[in-house]
Each structure stands twice: as structure tokens, then as C-alpha cells.
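>>> Below: sequence and its predicted model.
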Amino acid sequence: MAKNGKRYKQARAALEEAGGGPFDIPEAVHLIKQTATANFDESVDLDLRLGVDPRHADQMVRGTVVLPNGTGKETRVLVLANEAKQAEAEEAGADYAGLDQYIEKIQSENWTDFDIVIATPDVMGQVGRLGRILGPRGLMPNPKSGTVTMDVADTVKEVKAGKIDFRVDKQGNLHTTVGRASFSEDELAENAEAFLREVMRLRPASSKGAYVRSITMSTTMGPPIPVNRSAILSIVR
């Protein structure tokens, strides 16, 4: 739908009628539910502009969080590990588990029909060859995001339950999905608060001034709804 489509205009009108914002999280979520009128289950996203300079390693904001109500999306998990860990991964719910055959498939076919890759530390020498393909897509396993681990079963279960990985981009922005339009208001609010709480916990000591400069919540086809930055303070207390 184009930005000047009928549904988008109606959503903008509802937003303006509510005062234009910024809104506390429960109010923003209520508006999300009101304005999600597409004929599919839209994703609900949070976008943050942070007062950090990611060019400096000590201001990089990166982490993971398990959303209490999941993402509403089936996450396809590939586990790259030796045979001893492959059965463990499959029992935990991994969609694919193996090593050489999947490395070859990715290299020869540019295959990326998965959402996350988990690898054990002992095979990272082999997995490292996939950096040119997986890296630009944000799929490369990384110890900092918890995707390089010997604890394969628990990691697969966490990902399937709604664990997400997030990382600030070069402009200091964070983007993540916190659910679907079909979620209840309480479920969306809980997910949003869990994500924001973790972002605040990760504030770099070297960050000066306002850490969170703006927050917006939106659906796939809807207008951005501004969220009150001060609402975060009550979440992290």
C-alpha cells in the first residue's frame, strides 16, 4: 500500500485525532491495534534513535532478549555442529542440523532459507568460510549474540520461544519486531517493555547526553507512532 493510500490516511487521521503524541506505551499499543487494518497480520516494530556513535567500539549497542510473548513468527533455525550435537539440536526443535552438507549448500547454492544460525565453537574454523555470504545478511554466528555456544539445545529453545538479536546500525538506530498486530495490547506492551528494558541496561558508559533520542512504534503498513521517551524511566526503575 502506498503511503498516500486510503488506509494509511485513515491511520494518520486516527493518530492526529488522538493528539499526535508522543504516547506512553499502553497508548501507543492501543493506537497500533486501531490502525492495523491491512488484510494480513502486520508486524509491529519499534525504532529507536540512540545518542551513540557506533564507530567507537565502546559505544556499540548489541544484545539479545527473549520476548515474553514471542515474535509471532516461526523462526527457522540452522545449527552447524559435529554429529554429537546434531541430534541434541534436532530434539530441541532445530529446523536443520548438520555441518559439511550445509556449509557446501550455502557456498554452492547461496542458500539462506533460515532466520538464525547457531554454531558450536569447535566448528567455527569451518563456519568462518561463510562470512562473505552470512555476514552481510546478519546471519553469521557470534559469541556476543549467544549464537556460538556448546549449549545448543537451550539456545534453540530460546530462539524458538522468541529470543531476538539486535544491533545498532551505523547511524545509531535500532530496529526490531516486537510482535504482530493480532497480539493483544498487553502482549505487545510486555514485549516492547522487555526490549526497551534491555536496551537501557546496555547503555554504554561512554554515552553522553540523551541516550534514547526518539522512539516510534509502527505496523508494516501504518504510520510511525511516537512513543514518549520518559515512559522508559518507569520501565527500568
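That came through fine. Numbers count the residues shown, from 1 in each chain.

>>> what are the bridge partners for the residue most central in space within the chain, then?
Geometric centre of the chain, nearest residue: T176, 3.8 Å, by C-alpha atoms, centre = their mean. Beta-bridge pairing for T176 (DSSP bridges): L46.

>>> all numbers from here: first residue = 4
Shifting the count to begin at 4 puts that one at T179.

>>> Run through the residues that contact it.
Contact analysis of T179 by C-beta atoms under 8 Å, 6 or more residues apart in numbering lists D48, L49, I167, F169, F198. Just so you know, the C-beta spots here come from the backbone N, C-alpha and C atoms, and that holds for glycine as well.

>>> repeat that for 6 Å
L49, I167, F169 (C-beta atoms under 6 Å, 6 or more residues apart in numbering).

>>> ditto for L18
Contacts of L18 (C-beta under 6 Å, 6+ apart): P226.

>>> Assumed it was part of a helix.
Yes. Assigned with DSSP: H, G, I helix; E, B strand; the rest coil, L18 falls within a helix.

>>> Among the contacts of T179, name the least confidently predicted one.
Lowest in pLDDT among the contacts of T179 is I167, which has 86.

>>> Surely it is within a strand?
Yes. The assignment for I167 is a strand, going by three-state DSSP.

>>> What is the helix ranked longest in the chain packed up against?
If you go by DSSP state H, the chain has its longest helix at helix 188-204. Packing contacts for helix 188-204, counted by 3 or more C-beta pairs under 6 Å, 6 or more residues apart in numbering; DSSP states H and E, involve helix 28-38, strand 65-69, strand 176-183, helix 234-239.

>>> just to revisit the earlier point, now distance to S233 and neighbour count too, for the contacts of T179, in CSV please.
What follows is the contacts of T179, written out as CSV (distance: C-beta to C-beta, whole Å; neighbours: other C-beta atoms under 10 Å):
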residue, distance to S233, neighbour count
L49, 16, 24
I167, 25, 22
F169, 22, 20
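
>>> buried residues in stretch 45-56?
By neighbour count with 16 or more other C-beta atoms under 10 Å, stretch 45-56 contains the buried residues E45, S46, V47, D48, L49, L51, R52, L53, G54, V55, D56.

>>> So which helix or strand of this structure has the lowest pLDDT on average?
helix 234-239 (a mean of 70; mean pLDDT, DSSP states H and E).

>>> Buried ones in stretch 60-77, by neighbour count?
So for stretch 60-77, counting by 16+ other C-beta under 10 Å, buried means Q62, V64, G66, T67, V68, L70, N72, G73, T74, G75.
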